[in-house]
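K.L.:
Take a look and give me a structure for this.
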Amino acid sequence: MARNALVVGTSGIVGSAATALLLSEGWEVHGLARNPTDMPGVRPVAADLRDQAGVAQALRDVRPEAVFISTWARQATEAENIRVNAAMVRNLLDGLRGGGTTRHVALVTGLKHYLGPFEAYGQGALPQTPFREEQGRLDVENFYYAQEDEVFSAAKRDGFTWSVHRPHTIIGKAVGNAMNMGTTLAVYAELCRRTGRPFRFPGSATQWNGLTDMTDARLLARHLLWATTEPRAADNAFNVVNGDVFRWSWMWERIAGWFGIAAAPFDGTVRPLAEQMADDAPLWAQIAAEHRLAEPDLGRLASAWHTDADLGRPIEVVTDMGKSRKLGFTAYQATDDAFFDLFARLRADRLIP
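P.N.:
Now for the predicted structure:
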């Protein structure tokens, strides 16, 4: 019999990658989203996780062995992020309780576990890098912690195992995603190529010169599946990155070269993409019409605010994956190739010219 999974957030960067991997490994997959997209092989489950009764009704006949939570709802304040996103996890796990089949729940969060929420991102007393799982929580309210607590509570109540996965910035394809650096940079490069504007690094000198790492969504999907099926990984939190490190002073040239443009020299000035791209929506719509692209709405492709937050950080961020390595997870992905693979896919799917 095929193993059965519920992927929450199938249309997102992580959820779509996890779904593709599970299907390729012979799993039966239910995909939960507010408005599920038509994905071959996926049984859609339409539900708004903020609606407790609606979630329970939608899940009444779903009997997953494994649950992958890869979605969140951005709110105006961290207090609201905590209230809403904790309730979403709680409603989901309460809705599955009656089935009694859930054996493992995997929750995707991220490095804001160490860096703090958006309201205090990269500020105050932060753990020493490279970040390690045993460094624990900051003394600050954070919706990631609230989501974890809901999983821990339900696991204790219902007897399933859990894993928490903390990727760095994720490279992968999704439309309408709130945290999407890869597509944002691709769109920015295309706009620079079209207009002749300089392809300028938007972030801080610390990020330009310092070491960093990233996470390919495909590698993260493999990590999710590994933690679900490896008994030694049960009830653990893990960092998840590609396995290489780089400096943006090197990567920026690589990205520019893929698009056939020159990388502008970096003079240490922060030039946020939110400002550089503020008036580009009409131009992108024109480009989309000329090239018959699938998405003319710049706001559904680019998440400048999030890319600015990552590239503008005042501290070097490197992530340790020793915990996973010791337990046998050895997958590796070169980050420049992850970008190039994404760009090629965006072009093939007519999301960029």
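K.L.:
Glu290: neighbour count?
P.N.:
By the criterion of other Cβ atoms under 10 Å, Glu290 has 10 neighbours. Where C-beta positions appear, they are placed from N, C-alpha and C, glycine not excepted.
K.L.:
So it, which state does it fall into?
P.N.:
What DSSP: H, G, I helix; E, B strand; the rest coil gives for Glu290 is helix.
K.L.:
all helices of the stretch 151-300 of the chain, in order?
P.N.:
Under the criterion DSSP state H, counting those that start in this stretch, helices of the stretch 151-300 of the chain are mapped to 181-195, 205-209, 217-229, 248-258, 273-276, 281-291, 298-301.
K.L.:
Low-confidence stretches in this protein?
P.N.:
1-2, 121-124 (pLDDT under 70).
K.L.:
which residues in it form strands?
P.N.:
Taking DSSP state E as the criterion, the chain carries its strands at 4-8, 28-33, 42-46, 66-69, 104-108, 161-167, 170-171, 211-212, 215-216, 236-240, 246-247.
K.L.:
For the ones you listed, give me a markdown table that also has mean neighbour count and distance to His223.
P.N.:
Putting these into a markdown table (neighbours: other Cβ atoms under 10 Å; distance: least, Cβ to Cβ, whole Å) gives the following:
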| stretch | mean neighbour count | distance to His223 |
| --- | --- | --- |
| strand 4-8 | 26 | 14 |
| strand 28-33 | 23 | 17 |
| strand 42-46 | 16 | 21 |
| strand 66-69 | 27 | 11 |
| strand 104-108 | 25 | 9 |
| strand 161-167 | 22 | 6 |
| strand 170-171 | 27 | 12 |
| strand 211-212 | 18 | 19 |
| strand 215-216 | 28 | 9 |
| strand 236-240 | 22 | 5 |
| strand 246-247 | 15 | 20 |
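K.L.:
show me what contacts Leu32?
P.N.:
6-10, 45-47, 49, 58-59, 92 (Cβ atoms under 8 Å, 6 or more residues apart in numbering).
K.L.:
Please identify which of the residues you listed is nearest to Pro272.
P.N.:
Within the contacts of Leu32, proximity to Pro272 (Cβ to Cβ) peaks at Gly9, which comes in at 27.3 Å.
K.L.:
To what extent is the closest residue to that closest one other than its chain neighbours buried, counted in neighbours?
P.N.:
Excluding its sequence neighbours, the residue lying closest to Gly9 (Cβ to Cβ, 6 or more residues apart in numbering) is Thr71, at 3.0 Å. The tally of other residues near Thr71 (other Cβ under 10 Å) stands at 22.
K.L.:
is it true that Thr71 touches Gly15?
P.N.:
Yes: using Cβ atoms under 8 Å, Thr71 is in contact with Gly15, at 6.8 Å.
K.L.:
Tell me who's in contact with the closest residue to Gly299 other than its chain neighbours.
P.N.:
Nearest residue to Gly299, sequence neighbours excluded (Cβ to Cβ, 6+ apart): Ala281, at 6.9 Å. Listed by Cβ under 8 Å, 6+ apart, the contact partners of Ala281 are 297-299.
K.L.:
Please pick the buried ones from those.
P.N.:
Buried members of the contacts of Ala281, counted by 16 or more other Cβ atoms under 10 Å: Leu298.
K.L.:
from the contacts of Ala281, which single one is nearest Trp252?
P.N.:
Nearest to Trp252 out of those is Leu298 (Cβ to Cβ; 21.4 Å).
K.L.:
so the closest one sits right up against Met277, yeah?
P.N.:
Yes: contact criterion Cβ under 8 Å: Leu298 and Met277 qualify, at 7.3 Å.
K.L.:
who touches both of those two?
P.N.:
Counting by Cβ under 8 Å, 6+ apart, the common neighbours of Leu298 and Met277 are Val187.
K.L.:
Can you get me a residue count around Asn35?
P.N.:
8.
K.L.:
Looks like it contacts Ala47 (just checking).
P.N.:
No: Asn35 is beyond contact range of Ala47, at 10.2 Å (criterion: Cβ under 8 Å).
K.L.:
which residues are in contact with the lengthiest helix in the chain?
P.N.:
Identified as the longest helix of the chain according to DSSP state H is helix 78-96. For helix 78-96, contacts defined as Cβ under 8 Å, 6+ apart pick out 6, 8, 32, 49-52, 55-56, 58-59, 62, 64, 67, 69, 71-75, 102, 105, 107, 117-119, 141-143, 146-147, 149-151, 154, 158.
K.L.:
Enumerate the positions of that helix that are buried.
P.N.:
So, applying 16+ other Cβ under 10 Å, buried residues of helix 78-96: 78, 81-82, 84-96.
K.L.:
Same list, the strands of the chain, but as JSON lines with distance to Gly257 please.
P.N.:
Compiled in JSON lines, the strands of the chain are given as follows (distance: least, Cβ to Cβ, whole Å):
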{"stretch": "strand 4-8", "distance to Gly257": "35"}
{"stretch": "strand 28-33", "distance to Gly257": "36"}
{"stretch": "strand 42-46", "distance to Gly257": "36"}
{"stretch": "strand 66-69", "distance to Gly257": "35"}
{"stretch": "strand 104-108", "distance to Gly257": "31"}
{"stretch": "strand 161-167", "distance to Gly257": "26"}
{"stretch": "strand 170-171", "distance to Gly257": "17"}
{"stretch": "strand 211-212", "distance to Gly257": "19"}
{"stretch": "strand 215-216", "distance to Gly257": "20"}
{"stretch": "strand 236-240", "distance to Gly257": "28"}
{"stretch": "strand 246-247", "distance to Gly257": "14"}
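K.L.:
Mind putting the contacts of Ala281 into a markdown table with distance to Arg325?
P.N.:
Putting these into a markdown table (distance: Cβ to Cβ, whole Å) gives the following:
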| residue | distance to Arg325 |
| --- | --- |
| Asp297 | 41 |
| Leu298 | 40 |
| Gly299 | 39 |
